[in-house]
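Trainee: Sequence below, structure please.
(one chain, ligands or ions: 2)
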Amino acid sequence: MTTNVSSLILLIMRTMGIPLTKHTTNHSDWNTFKFSFFCDHCDKEWVSPLFLFTSGGFTVIEHEETKALIWAYEHQKAFEQANLEAQFFFNYCSECNKWVCDNCFDAEWSDNHGLCKECSEKKKKAANLPI
Ligand SMILES: [Zn+2]
Ligand SMILES: [Zn+2]
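Mentor: Ligands and ions are numbered 1, 2, ... in the order given. Purely as a prediction, here's the structure:
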């Protein structure tokens with residue numbers, strides 16, 4: 001088999017799920033998985049917990065290709081988990097579909113679940129309310 005492991009990983013990373021925020025960074029290596037998510041407004045960083053690569057339970061993996069595939073699978077699972085946990089840190093604005101940190105969120109806004117500050121300011125201006 002002549003599969004190039006790093007090109008395989010790149011391919012899998014490109015087909016991963018859509019991240020919650022627009023800007024994310026991947027800190028994963030062969031042994032651990034970790035991701036950063038950034039507020040869609042101010043770029044405030046949230047770092048996911050560290051996930052450990054478990055080698056699928058195997059102690060020794062002889063083939064590099066097999067290891068890469070197991071790694072990619074666990075990497076994707078870790079990313080999905082991080083994405084879920086990020087939802088507890090970021091707030092969703094139903095107006096502009098952005099995910100923002102608490103600083104950029106106006107939870108006081110009376111409409112349904114709150115809006116990001118940018119959208120709530122626009123709405124307040126439009127309604128002549130104090131900002
Ligand atoms: Zn923010
Ligand atoms: Zn908004």
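
Trainee: which sections of the chain are below the confidence cut-off?
Mentor: Within the chain, the stretches with pLDDT under 70 are 1-16, 110-112.

Trainee: could you show me where the strands are in it, in order?
Mentor: Using DSSP state E, the strands of the chain run over 23-26, 32-33, 35-38, 45-47, 51-52, 91-92, 99-100, 105-106, 115-116.

Trainee: right, and these - which one's nearest Lys124?
Mentor: strand 105-106 (9.0 Å; C-beta to C-beta). Using the backbone N, CA and C atoms, a C-beta is placed for each residue, glycine as well.

Trainee: Listing partners with orientation, what would you give for that closest one?
Mentor: strand 115-116 (antiparallel) (DSSP bridges).

Trainee: check whether the partner strand contacts ligand 2.
Mentor: Yes: looking at strand 115-116 against ligand 2 by C-beta under 5 Å from the ion, the contacts come from Cys116.

Trainee: Could you identify which of the strands of the chain is most buried?
Mentor: strand 115-116 (a mean of 26; mean count of other C-beta atoms under 10 Å).

Trainee: and it with ligand 1, contact?
Mentor: No: on the criterion C-beta under 5 Å from the ion, strand 115-116 is out of touch with ligand 1, staying 8.4 Å away.

Trainee: what comes into contact with that strand?
Mentor: Identification of contacts with strand 115-116 by C-beta atoms under 8 Å, 6 or more residues apart in numbering yields 40-41, 91, 93-96, 98, 100, 104-106, 109, 123.

Trainee: quick one, what contacts Lys122?
Mentor: Contacts of Lys122 by C-beta under 8 Å, 6+ apart: none found.

Trainee: ok, it to Cys116 distance?
Mentor: 10 Å (C-beta to C-beta, to the nearest Å).

Trainee: Pipe the strands of the chain into CSV and attach distance to Ile61 per row.
Mentor: Compiled in CSV, those are given as follows (distance: least, C-beta to C-beta, whole Å):
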stretch, distance to Ile61
strand 23-26, 22
strand 32-33, 17
strand 35-38, 24
strand 45-47, 28
strand 51-52, 15
strand 91-92, 40
strand 99-100, 36
strand 105-106, 44
strand 115-116, 45
